[in-house]
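K.L.:
model this:
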Amino acid sequence: MKMSSATKRALERNYYQSCDWFCDFKEIDVEGIGLEENVHRRDPSSVIKVNDLYYVWYTKSEGESVGFNTGDDNAKVFPWDQCDIWYATSKDGYKWVEKGPAVKRGGKGEYDDRSVFTPEILEYNGMYYLVYQTVQAPYKVRSFENIAIAKAYSPDGPFEKSKTPILEPTKDGEWKDDKDNRFEVTKKGGFDSHKVHDPVLFDYNEKFYLYYKGEAMGEQLYMGGRETKWGVAIADNIEGPYVRSEYNPVTKKTLYNLLKMELILKLCQ
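P.N.:
Model (predicted):
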C-alpha cells in the first residue's frame, strides 16, 4: 500500500494510538433507499433499533434545483428545498422499505411552509422526538432558517409538530440595504444571527442539549470555507424553551480551517 508523507510521519511519531479513533470502514450498498433518478434523499438521522426493526429519517425531495435569482419564487433553490422528512425501516440494515413522510411542510403562511429537512432523532422516556430545520416561503438568500421539534408515541408516528420553532436566529444584525445579498450588512450580529440548522438533541443530567450550526448575517468566507460555528441551547423541558449557552459558540470552524491550512503549508515546505 502506498502511503503519503503525512501518513508516514504519523506512523513514525505514533499518532495512531487508538483503534477507537483510527479504523477502517467498509461501504456496502443498501436497497430500497438508494440512488433514484430525479429523487434526492440526504441528511440521514442516526439509525436506531426499535424492537426488531431499524429506523432512519431523512430529507427527501424531487426535481432539479436551480439556485437563487431565477425570478421565480416557486423554483426549487437547493436539493433540500421543497422537502418533507421521510423515514424507512429495515430488518437487517441493508434492505430498506421506504414508509412515507414522517413530517410534512406546513400550510401556506406557516413558519415551515417551504421546507422541512435535516432531521435527527432522540428516543426519550418512550417518546420519539425529531429535531429538524425549517424555511418559510419565499426562499431567498436572506431567508432565516429555524429549528423545530416533532414528537410521537411510536417511531412510525404520527408526529406532532411544534407550533413555533424551538430555536430561531438571533437576528441581531442589520442588512445594509434591500438587496437580497447575505454578505452586505452594516452589522453582523452574533455568530447565529442569520441561520440555525443541523440540530442534534440529547439529554444529560435531567437537561436537554440542542447543538446546532450557526451562520451570521454578512458572513465571511475563509479560504473557501463558510463562516459556520457550533452553538448549544439548553432546556429543562425537551420541548423547550431553549436558552443559548453563555459559552457560545462552543466550537469555531473558521479557526479550525485556518489552523488546518497553516499545517498543510508547513508540511508542504
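
K.L.:
so which bits of stretch 140-150 are buried?
P.N.:
For stretch 140-150, the buried set under the neighbour-count rule, 16 or more other CB atoms under 10 Å, comprises S143, F144, E145, N146, I147, A148, I149, A150. In short, each C-beta sits where N, CA and C put it, glycine included.

K.L.:
wait, which of those is closest to G173?
P.N.:
Ranked by distance to G173 (CB to CB), the buried residues of stretch 140-150 are led by F144 at 10.9 Å.

K.L.:
contacts only, for the most centrally placed residue in the chain.
P.N.:
Closest residue to the average C-alpha location of the chain: D198 at 2.0 Å, with CA atoms, centre = their mean. Applying CB atoms under 8 Å, 6 or more residues apart in numbering to D198 gives the contacts T118, Q133, Y212, K213.

K.L.:
let's verify L11: helix, strand, or coil?
P.N.:
The local conformation at L11, judged by DSSP: H, G, I helix; E, B strand; the rest coil, is helix.

K.L.:
with T7 instead?
P.N.:
When classified by three-state DSSP, T7 comes out as helix.

K.L.:
what about it, distance to I33?
P.N.:
34 Å (CB to CB, to the nearest Å).

K.L.:
neighbour count: the two, which is higher?
P.N.:
Neighbours per residue, other CB atoms under 10 Å: of T7 and I33, the larger number sits with I33, 20 against 13.

K.L.:
surely the more buried one touches W96?
P.N.:
Yes - using CB atoms under 8 Å, I33 is in contact with W96, at 4.7 Å.

K.L.:
what residues do those two have in common as contacts?
P.N.:
Going by CB under 8 Å, 6+ apart, residues that sit against I33 and also against W96 are V56, A88.

K.L.:
who's in contact with the residue nearest to G214 when sequence neighbours are not counted?
P.N.:
Of all residues not flanking G214 in the chain, D192 sits nearest, at 2.7 Å (CB to CB, 6 or more residues apart in numbering). With contact set as CB under 8 Å, 6+ apart, D192 has these partners: P169, T170, Y212, G214, E215, A216, K229, G231, N248, P249.

K.L.:
which of the residues you listed sits closest to P79?
P.N.:
When the contacts of D192 are compared for distance to P79 (CB to CB), E215 wins out at 18.2 Å.

K.L.:
name the residues linked to the closest one by a beta bridge.
P.N.:
In this entry, E215 is beta-bridged to K195, T228, by DSSP bridges.

K.L.:
was I right to think it contacts K188?
P.N.:
No - between E215 and K188 there is no contact under CB under 8 Å: 10.4 Å.

K.L.:
before we move on, the earlier item: which one of the buried residues of stretch 140-150 sits closest to I85?
P.N.:
For the buried residues of stretch 140-150, the nearest to I85 is A150 (8.3 Å; CB to CB).

K.L.:
tell me the confidence at the closest one?
P.N.:
On the pLDDT scale, A150 is placed at 98.

K.L.:
ditto for T228
P.N.:
pLDDT, read off for T228, is 88.

K.L.:
which residues touch D113?
P.N.:
R105, G106, G107, Q136, A137.

K.L.:
can you list the weak-confidence ranges in the stretch 151-269 of the chain?
P.N.:
Filtered on pLDDT under 70, the stretch 151-269 of the chain yields the residue ranges 222-225, 252-269.

K.L.:
what segments of it are strands?
P.N.:
Under the criterion DSSP state E, counting those that start in this stretch, the stretch 151-269 of the chain contains strands at 160-161, 174-175, 185-187, 195-204, 207-215, 228-235, 243-244, 251-252.

K.L.:
grab the nearest non-local neighbour of H197.
P.N.:
Excluding the flanking residues, the one nearest H197 by CB to CB, 6+ apart is Q133, at 4.3 Å.

K.L.:
just the contacts of D198 now: which is nearest E12?
P.N.:
If you rank those by distance to E12 using CB to CB, K213 comes first, at 36.1 Å.

K.L.:
how about the nearest residue to that closest one, chain neighbours excluded?
P.N.:
K213's closest residue in space is D198 (CB to CB, 6+ apart), at 4.6 Å.

K.L.:
no more questions from me, cheers.
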